[in-house]
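Participant: A predicted structure for the sequence below; I have some questions about it.
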Amino acid sequence: MNIFQVLLLGVVLVGGECCSHGFDDIGGHCLALHTEVAMPWEDARIYCQNSTVPAALAKMTSGKTIRALYQYITEFEIKGSFWLGASDAEVEDDWVWLDMERVNRGTPFWAIHSNIIGGWTHEPSGGKKENCLILDEQRLYYFNDESCLKLHHPLCQEL
Ligand SMILES: [Ca+2]
Ligand SMILES: [Ca+2]
């Protein structure tokens, strides 16, 4: 192997596909949108964990990633809402990702909704009845708190 072949190999290894089979690079993250199945949040968490590569329910911490994902969903005309790896089941209104990092609040993450006095606030608004996080199709794929027992698609992320 000459120096040029070594350099070429280096480019292929560094610049090649970063995501494993079944995952797509969306905004720099390797994500898999499992529209073929729908299940409660806890089952979805295990479903992602049981992927053929190390993976978990997805974590979304930047508006840029959410925009890229929304573009992907629009482009491929994907339907349905997706579970993300966050919950406030442990302590009500204390939203944490599976790795225990706190979930960002407000814009550009959580959907807005009208409150009973006619003003606008952000989700989450479900109190103790809604303890799991979805990317909500009905809310243009912003975050919404949802009953953990509802059936949605797992959104898995390669770790
Ligand atoms: Ca809650
Ligand atoms: Ca809600």
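Facilitator: Here it is on my side, so go on. Ligands and ions are numbered 1, 2, ... in the order given.

Participant: which residue packs closest to Gly106, ignoring adjacent ones?
Facilitator: Of all residues not flanking Gly106 in the chain, His122 sits nearest, at 5.3 Å (Cβ to Cβ, 6 or more residues apart in numbering). C-beta: built from backbone N, CA, C; applies to glycine.

Participant: for Asn131, which non-adjacent residue is spatially closest?
Facilitator: Using Cβ to Cβ, 6+ apart, the closest residue to Asn131 is Ala89 (4.2 Å).

Participant: same thing with Gly80?
Facilitator: Distance criterion Cβ to Cβ, 6+ apart; nearest residue to Gly80, sequence neighbours excluded, is His153 at 5.1 Å.

Participant: who touches the host helix or strand of that neighbour?
Facilitator: Using DSSP states H and E, His153 sits within strand 153-158. Applying Cβ atoms under 8 Å, 6 or more residues apart in numbering, the contact partners of strand 153-158 are 19-20, 23, 29-35, 37-39, 44, 47-48, 51, 53-59, 80-85, 135.

Participant: now tell me what touches the host helix or strand of Phe143 from outside.
Facilitator: Using DSSP H and E, the element containing Phe143 is strand 142-146. With contacts defined as Cβ under 8 Å, 6+ apart, strand 142-146 is touched by 41, 60, 66, 81, 84, 88, 95, 103, 108-112, 123-126, 130-136, 138, 152.

Participant: cutoff 6 Å now
Facilitator: Strand 142-146 has contacts (Cβ atoms under 6 Å, 6 or more residues apart in numbering) with 109-111, 123-124, 126, 130, 132-134, 136.

Participant: circling back to that earlier point, number of residues surrounding the residue nearest to Gly80?
Facilitator: Neighbour count for His153, taken as other Cβ atoms under 10 Å: 24.

Participant: i'd like the first residue to be 40 from this point on
Facilitator: Renumbered: residue one is now 40, and that last one reads His192.

Participant: how about the residues of this structure by ligand 1?
Facilitator: Residues of the chain lying close to ligand 1 (Cβ under 5 Å from the ion) are 127, 170.

Participant: next, count neighbours for the closest residue to Trp134 other than its chain neighbours.
Facilitator: What sits nearest to Trp134 in space, not counting adjacent residues and going by Cβ to Cβ, 6+ apart, is Val142, at 3.8 Å. When neighbours are defined as other Cβ under 10 Å, Val142 has 21 of them.

Participant: can you check Cys58 too?
Facilitator: 15.

Participant: pretty sure Leu190 is touching Val76, no?
Facilitator: No - with contact taken as Cβ atoms under 6 Å, Leu190 and Val76 are classed as non-touching, separated by 9.1 Å.
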